[in-house]
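*Asks:* below are the sequence and a predicted model for it; my questions follow.
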Amino acid sequence: MADRPTIYAVAAQCGVSTTTVSRVMQDETFGSERTRQRVLATALELGWVPNGAARGLASRRAGIVGLLFPDLGEPDVGQEESPLYVDQVIRGAERIATHAGQAVLIAALKASGGKSLAYSVASKVDGLVIMSRSLADKDVSAIARTVPVVLLAHKPARRSLDHVAVDNRTGARDVTSHLLTAHGYENIVFVGGPVGSPDSSERFAGFCEALAQAGRTVPAQPVAEGGFTELGGRAVMERLLADGQLPRAIVFGNDEMAIGALSSLKRAGIGVPDDIAITGFDNISVSRHVTPSLTTVRQPMRELGEAAVELLLARIRQPDATRKTLFLSTELVVRGSCGCVETPVSRFE
């Protein structure tokens, strides 16, 4: 790794003391807004991240890996990632880190102040797993110049970064093809997640590929966006009901939206799958227990966290190794909501 810029360079370029630079990086409330922004911008420009005390050890290892993800409690942010999805990713990351004798420092990044928190976490760890949409690409690139970084479910802007993702496109293509070939449904639409979500974009692409392969008309965009939340799924379904022109089948971009839609259809007296077929994506635990049980695509959420930390630990051990991109496979899970015969759910599942 190239020689790292120093706190002295940041302080000199900003015209402040090194103490001020240090305080700004550790405490987002310190100093004036103008000073904070100048220091953060200069640190970003130079690619400087403060070193923690553990960096002074001969091994230069803190024995800690970091995991950054978007704060799900913020308006407009919590709808971009399912809390159930994030929980499973964290569980997988913790399992591998613990097995390797590493601690995990987990941080939820707010839209405001998230940059300084990310820099602070980077100063305390040997490497970072950064979940999609946690940080702007320019901030990820700056941090990656100082500590190893693995991106999770986010296409890297820098080709030199390791990347772990799920094969969303194939999963969505499989569930759409099932509706087309096994059931012969004619009018099928896709409900996506939030604008800018790479997962939603890839799932919509897979949906379109299945339609094209079947010789069907391919839409330019999803019929609606439900924000990856149960509330969003209910809202989309209620709008479609109000329009009075229900499709024969809906491929939802995740399970939570599909489950929200099921509740709206039940209240409206619309039969699933007799009147409309519904599918999801993720295979969260509750998808087995709704009525009818939800046809979906299993994505390996916990395995994502495991693979990301394994890749990060390998990068820490061999910083000059060739960059790796891992795509984890999905699996079609057929249940009752698409029109297939229901399989009784074991009480032990």
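*Replies:* Ah, there it is.
*Asks:* so residue 67 lies in a strand, does it not?
*Replies:* Yes: counting by DSSP: H, G, I helix; E, B strand; the rest coil, residue 67 is found in a strand.
*Asks:* thought it was touching residue 134?
*Replies:* No: using Cβ atoms under 8 Å, residue 67 is not in contact with residue 134; the gap is 9.4 Å. (Each C-beta comes from the backbone N, C-alpha and C, glycine too.)
*Asks:* the two: which is more packed in?
*Replies:* residue 67 (28 against 25; other Cβ atoms under 10 Å).
*Asks:* which pLDDT does the model give that one?
*Replies:* At residue 67, the model reports a pLDDT of 94.
*Asks:* report the contact partners of it.
*Replies:* By Cβ atoms under 8 Å, 6 or more residues apart in numbering, the contact list for residue 67 reads 90, 93, 104, 105, 106, 107, 128, 129, 131, 305.
*Asks:* switch to 7 Å and redo it
*Replies:* 90, 93, 104, 106, 129 (Cβ atoms under 7 Å, 6 or more residues apart in numbering).
*Asks:* could you look up the SS state of the last one?
*Replies:* This means residue 129. With three-state DSSP as the basis, the three-state label of residue 129 is strand.
*Asks:* list the buried residues in the helix or strand of the chain with the lowest mean pLDDT.
*Replies:* Ranking every helix and strand in the chain by mean pLDDT, DSSP states H and E puts helix 18-26 at the bottom, with a mean of 79. By 16 or more other Cβ atoms under 10 Å, the buried positions in helix 18-26 come out as 20, 21, 22, 23, 24, 25.
*Asks:* assess the claim that the fourth one and residue 35 are in contact.
*Replies:* No: under the criterion of Cβ atoms under 7 Å, residue 23 lies out of contact with residue 35, with a separation of 9.7 Å.
*Asks:* residues in contact with the residue nearest to the spatial centre of the chain?
*Replies:* For the chain, the residue nearest the mean C-alpha position is residue 132 (4.6 Å; Cα atoms, centre = their mean). Residue 132 is in contact with 152, 153, 154, 198, counting by Cβ under 7 Å, 6+ apart.
*Asks:* which residue comes closest to residue 265 once chain neighbours are left out?
*Replies:* residue 272 (5.6 Å; Cβ to Cβ, 6 or more residues apart in numbering).
*Asks:* secondary structure class of residue 291, three-state.
*Replies:* coil.
*Asks:* what's the local residue count around it?
*Replies:* For residue 291, the tally of surrounding residues (other Cβ under 10 Å) stands at 11.
*Asks:* who are the packing partners of the helix or strand containing residue 115?
*Replies:* Secondary structure assignment for residue 115, by DSSP states H and E: helix 114-122. Contacts defined by 3 or more Cβ pairs under 7 Å, 6 or more residues apart in numbering; DSSP states H and E place helix 114-122 against helix 18-26, helix 33-46, strand 64-70, strand 103-109, helix 137-144.
*Asks:* chain center to that helix: distance?
*Replies:* Centre-to-centre, helix 114-122 and its host chain are 19 Å apart (Cα atoms, centre = their mean, to the nearest Å).
*Asks:* what sits up against it?
*Replies:* 25-26, 28, 40, 43, 49, 66, 68, 105, 107, 109, 128, 135, 139, 143, 146-147.
*Asks:* ok now do residue 231, which residues does it touch?
*Replies:* residue 260.
*Asks:* domain assignment for the protein?
*Replies:* Annotated domains of the chain cover 1-48, 55-165+303-328, 168-299+332-338 [automatic domain parsing].
*Asks:* where among those domains is the average confidence lowest?
*Replies:* Among the domains of the chain, domain 1-48 carries the lowest mean pLDDT (a mean of 79).
*Asks:* circling back: now the contacts of residue 67 in CSV, with neighbour count?
*Replies:* Putting the contacts of residue 67 into CSV (neighbours: other Cβ atoms under 10 Å) gives the following:
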residue, neighbour count
90, 19
93, 28
104, 19
106, 15
129, 31
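*Asks:* count the neighbours of residue 173 for me.
*Replies:* With other Cβ under 10 Å as criterion, residue 173 counts 24.
*Asks:* which SSE is it in?
*Replies:* For residue 173, the host element (DSSP H and E) is helix 168-181.
*Asks:* now, among the buried residues of helix 18-26, which is nearest to residue 165?
*Replies:* residue 25 (30.5 Å; Cβ to Cβ).
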